[in-house]
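> return atomic coordinates for the entry below.
(one chain, ligands or ions: 3)
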Amino acid sequence: MKFWSSFLALGLAQLALAKPLVKRWDDVAEKHSWADIPRGWEHKAAAPADYMFEMRIGLKQHGINDLISNLMETSDPMHSKYGQHLTKEEVEAFTAPHSSSVDAVDDWLDFHGVDPSAAQRSPAGEWITIVVSVAEAERMLGTKYNVYHHAKSGQDVVRTLGYSLPKELHSHVDVVAPTTYFGTLRSMKSTSFVQHDVKPITAAEIEAASLVPVSNAVVPTSCAKTITPACLRALYNTSTYVPTQTATNKLGVAGYLGEFANTADLQTFYKTFRTDAVGTTFSVVLVNGGLNTQSSPGVEANLDIQYTNGISFPTPNIYYSTGGSPPFIADTFTPTNTNEPYLDFLTFLLAQSTIPQVLTTSYGDDEQTVPLDYATSVCNMLATLGSRGTTVFFSSGDEGVGGGDCKTNTGTSQVIFQPAFPASCPFVTAVGATTGINPEKAISFSGGGFSRYFATPSYQSAAVSKFVTGLGTKLNGLYNKTGRAYPDVSAQGQFFQVIVGGRTESVAGTSASSPTVAGVFALLNDFRLASGKTTLGFVNPLLYSNASTGFNDIISGSNPACGSTGFTAGVGWDPVTGLGTPDFLKLQKLV
Ligand SMILES: *[C@@H]1O[C@H](CO)[C@@H](O)[C@H](O)[C@H]1NC(C)=O
Ligand SMILES: *[C@@H]1O[C@H](CO)[C@@H](O)[C@H](O)[C@H]1NC(C)=O
Ligand SMILES: *[C@@H]1O[C@H](CO)[C@@H](O)[C@H](O)[C@H]1NC(C)=O
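Numbering: from 1, shown residues only. Ligands and ions are numbered 1, 2, ... in the order given. The predicted model follows:
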């Protein structure tokens, strides 16, 4: 293992010694700032000086580059280390901060009257959490905190438009939160929307869809307009597979924003659509004050948990409900959650010694609304999950090549395609949406495009450059040719029959597609475990190489938005449906 940062740390230490001590923390430089208040938010009031909140400081992980190099080897099917995932402790040897970083940050906290020994630290020490008042945070970060209001969701948050750190700390600290990440997660709840104009399935249709003996070869024709587990199992050829590794294999569903997965609704769903599973259920893990209130079932949560279970049964499923967006009440000064859902959930998960081998998340943001330093930290944590042997799926978004007016937030208001994050992180498997049968086609809302933050990873460069070359000069300037391109794969994304509060709803969104693919990959993991192999882990390098023929290529449809035609699906990978939809029987032979 290389300690590339030690040289830098030495240089800085000498520099610091050469200066008068009092100057040490006064010499500051901006860490991140926005040109304007992020779109959709408005300034409400100055934050009360004595409002207390939890501040997270993300220290530079001294071995993160080595961790990522190792991840690329262990997920490369041609490499001798393929499938050799790391344990929690092995990962922490890479993600831990250098001791010089810990010392520098502790000295800085001490200087500001914050007792470093009272700070909470993640197992490897790279995340430090302290409780501070707004006044203290403003002094530490050379900024002003305000209360901002999000009209669409009614949410209030305490944030700043920019923050600084002592120059000396820039080489030791990746990110401080909450600062400039406002979080538009709530609006992304629209990644699943109820199709009011679509009539839910009738009793006779249910009979036809679930009681007809399901075979891989026969996809019920009703699946063109109503999707049930029987449809997906037939379409993706999982109907005949019987999982056996239920003692070790698990599938996790991430839930946010007060979305609760209902156990009674799952029973109704099973009685209707998956009778062999009746009487079984999922387990619930509550993170950072999250709840799973049974009187308040959520469309998103029920969709996710009903379809992961509906495909992967009897593989144990876990619903993770992360708190973090309580109403901010400006006149109470008790510490509350900080509305940092990604950091809360990922730090929690990485601190567990056993984690599910597949994880699906149906939430996201426009990439440009997530500060680069914050997005990089979250993306590195997702790489760390991959290193632990977990396959991480995210919905690719429901707005085609971009949502809203597609204007940049850099002050120029240029119209460009707007990629979604975390789908744009190269360490996740992003899932787009299809519809119809014989053949499946892309749905126009299927999120796809090219990151403006993360470069094209080598595992997809051949597939992506073929697409970009084919496009020629079309759409030039609207997308970033050198960015990480997504989605990676796709699955059905509308007409999903979901039970919510006892009623059947028809639901659409890439929110439906990601749990579907997660269910199929949980079965592939079961198969690998049964063959004495390790789980698939970070799966993209395999998907773009050995396993690329295990997908049904989707060759029609497009994802127009931003006043443009968007991208068009075609032969091979495309930024509408990725490599295509999974064929379990083919993939089984390839993994
Ligand atoms: C991937 O394909 C290569 C070349 O065909 C083969 O040598 C290798 O074993 C395959 N890896 C896996 C994990 O199937
Ligand atoms: C998978 O199912 C499709 C029907 O959706 C069928 O045409 C195909 O032959 C199946 N693949 C395999 C490998 O059986
Ligand atoms: C394109 O992506 C790269 C990462 O490969 C990034 O550095 C660059 O700023 C992006 N360009 C634009 C115009 O967004």
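
> pLDDT weak spots in this structure?
Flagging of the chain using pLDDT under 70 yields the residue ranges 1-22, 184-217, 324-339.

> what's the helix or strand for residue 379?
Element membership for residue 379 (DSSP states H and E) is helix 372-387.

> can you list the buried residues in that helix?
Neighbour-count burial for helix 372-387, counted by 16 or more other Cβ atoms under 10 Å, picks out 373-387. In short, each C-beta sits where N, CA and C put it, glycine included.

> now the very next helix or strand once past it: buried residues?
Later in the chain than helix 372-387, the nearest helix or strand by DSSP H and E is strand 391-395. By 16+ other Cβ under 10 Å, the buried positions in strand 391-395 come out as 391, 392, 393, 394, 395.

> in contact with residue 123, which residues?
Shown in contact with residue 123 (Cβ atoms under 8 Å, 6 or more residues apart in numbering): 88, 92, 350, 351.

> same question for residue 224.
The contact partners of residue 224, taken as Cβ under 8 Å, 6+ apart, are 436, 437.

> what's the single longest helix in this structure?
Criterion DSSP state H: the longest helix present in the chain is helix 510-530.

> for that one, which helices and strands make contact with it?
Other elements packing on helix 510-530 under the criterion 3 or more Cβ pairs under 8 Å, 6 or more residues apart in numbering; DSSP states H and E are strand 251-255, helix 299-312, strand 358-361, strand 391-395, strand 429-435, strand 489-492, strand 581-582, helix 584-590.

> the stretch 151-300 of the chain: helices as residue ranges?
For the stretch 151-300 of the chain, applying DSSP state H, counting those that start in this stretch gives helices covering 203-206, 229-235, 263-273, 299-312.

> pull the CA atoms of the second one into CSV?
In CSV, the C-alpha atoms belonging to helix 229-235 read as follows (Å, rounded to 0.1, in the frame of the first residue of the first chain):
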residue,chain,number,x,y,z
PRO,A,229,-43.9,-10.3,-10.5
ALA,A,230,-45.0,-13.1,-12.8
CYS,A,231,-44.4,-10.8,-15.9
LEU,A,232,-40.9,-9.8,-14.7
ARG,A,233,-40.0,-13.4,-13.8
ALA,A,234,-41.0,-14.6,-17.2
LEU,A,235,-39.5,-11.7,-19.1
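
> other SSEs contacting that helix?
helix 299-312, strand 489-492.

> between those, which gets nearest to ligand 3?
Each of these has some distance to ligand 3 by Cβ to the nearest ligand atom; the shortest is strand 489-492, at 21.8 Å.

> give me the contact list for the helix or strand that the longest helix of the chain is followed by.
Downstream of helix 510-530, the next assigned helix or strand under DSSP H and E is helix 540-544. If you take Cβ under 8 Å, 6+ apart as the criterion, helix 540-544 is touched by 72, 75-77, 426-427, 429, 457, 459-460, 462-463, 488-489, 536, 551, 573, 579, 591.

> drop anything exposed from the residues you listed.
Neighbour-count burial (16+ other Cβ under 10 Å) is assigned, among the contacts of helix 540-544, to 72, 75-77, 426-427, 429, 457, 459-460, 463, 488-489, 536, 551, 573, 579, 591.

> so which of those sit within strands?
429, 489, 551 (DSSP state E).

> separation between the residue lying closest to residue 298 once chain neighbours are set aside and ligand 3?
Sequence neighbours aside, residue 259 is the residue nearest to residue 298 in space, at 3.6 Å (criterion: Cβ to Cβ, 6 or more residues apart in numbering). In this structure, residue 259 and ligand 3 are 32 Å apart, going by Cβ to the nearest ligand atom, to the nearest Å.

> neighbours of residue 259, how many?
By the criterion of other Cβ atoms under 10 Å, residue 259 has 26 neighbours.
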